[in-house]
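> sequence and predicted model, in that order:
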Amino acid sequence: MLSGHKKPRIIILSGPSGAGKTTLHDRLLASSRFAGRVIRSVSATTRKPRGTEQQGREYLFLSVRMFESRIRRGAFLEWARVFDNYYGTPMKNVRENLKKGRSVLLCIDVQGGQQVKKKVPEAISVFVKTPTILELRRRLEARKTDSKASIDLRLKTARKELKEARFYDHVLVNDDLSRAGRELEALVSSYIG
């Protein structure tokens, strides 16, 4: 471990779809401040790739059969069924990076965040949200990746997820991306150095 740095940790970023957690996740990973010390966890999913997503880069795209086989083998740190698809964090990669002294950044839903926190209480949990539900709707519509029915379902889910924010170590309101990014960096730095 590098001198002056604290113990590597699992860092959980959760929040409603459209709140900006993936953008903040990517900005944190791109920060030279954490180069080589904070590693992204590649989640597995049964959903189809979107846009330019590639196997092994954004997600490990698995069939339902393969995913369920890995559930039975206990291969996931956490997993959940969300919007008719499975999502999960492969345990092997997380363990390997922590052993090498690297913190692992998870960008996962609320169900997954709760599972990880239960298994690894020292994990840092951050809930990302928009200032209002109306702003969340605006962002989801602006993405132009979901149907109206899908957006309505995501907003219904978001209302439930927002009630879970109180169980997170930190709540980050993403009303200005630059400011939210700086706050997230400062927060992570306070834990891992």
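All right, it came through fine. Numbers count the residues shown, from 1 in each chain.

> which stretches of the chain have low pLDDT?
Along the chain, the parts satisfying pLDDT under 70 run over 1-5.

> need the helices for the protein, in chain order.
Taking DSSP state H as the criterion, the chain contains helices spanning 21-30, 64-72, 91-99, 110-119, 133-143, 148-162, 177-192.

> pick the most buried one from the ones you listed.
Greatest average neighbour count among the helices of the chain goes to helix 110-119 (a mean of 19), per mean count of other CB atoms under 10 Å. For every residue, glycine as well, the C-beta is placed using N, CA and C.

> for V82, list the residues it contacts.
The contact partners of V82, by CB atoms under 8 Å, 6 or more residues apart in numbering, come to D109, Q111, T157.

> quick one on the thing from earlier: so for E78, which of the helices of the chain sits nearest?
helix 110-119 (3.8 Å; CB to CB).

> quick one: the closest one to chain centroid distance?
11 Å (CA atoms, centre = their mean, to the nearest Å).

> format the contacts of V82 as TSV; extra columns: distance to F76.
Below are those laid out as TSV (distance: CB to CB, whole Å):
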residue	distance to F76
D109	13
Q111	12
T157	21
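
> closest to T130 out of these?
T157 (13.9 Å).

> tell me the contacts of that closest one?
Counting by CB under 8 Å, 6+ apart, T157 makes contact with P16, S17, V82, F83.

> who wins for neighbours among those residues?
Of all the contacts of T157, P16 has the most neighbours under the rule other CB atoms under 10 Å, reaching 26 neighbours.

> ok, the residue nearest to that one when sequence neighbours are not counted - contacts?
Of all residues not flanking P16 in the chain, A158 sits nearest, at 3.4 Å (CB to CB, 6 or more residues apart in numbering). Residues counted as contacts of A158 (CB under 8 Å, 6+ apart) are P16, S17, G18, A19, I133, L136.

> the third one contacts T130, doesn't it?
Spelled out, it's G18. Yes: G18 is within contact range of T130, at 7.3 Å (criterion: CB atoms under 8 Å).

> identify the contacts common to those two.
In contact with both G18 and T130: L136, R139, using CB under 8 Å, 6+ apart.

> quick check: the residue most central in space within the chain vs S32, distance?
In the chain, the residue lying closest to the centroid (CA atoms, centre = their mean) is C107, at 1.0 Å. Separation of C107 from S32 (CB to CB, to the nearest Å) stands at 20 Å.

> many thanks, I have nothing further to ask.
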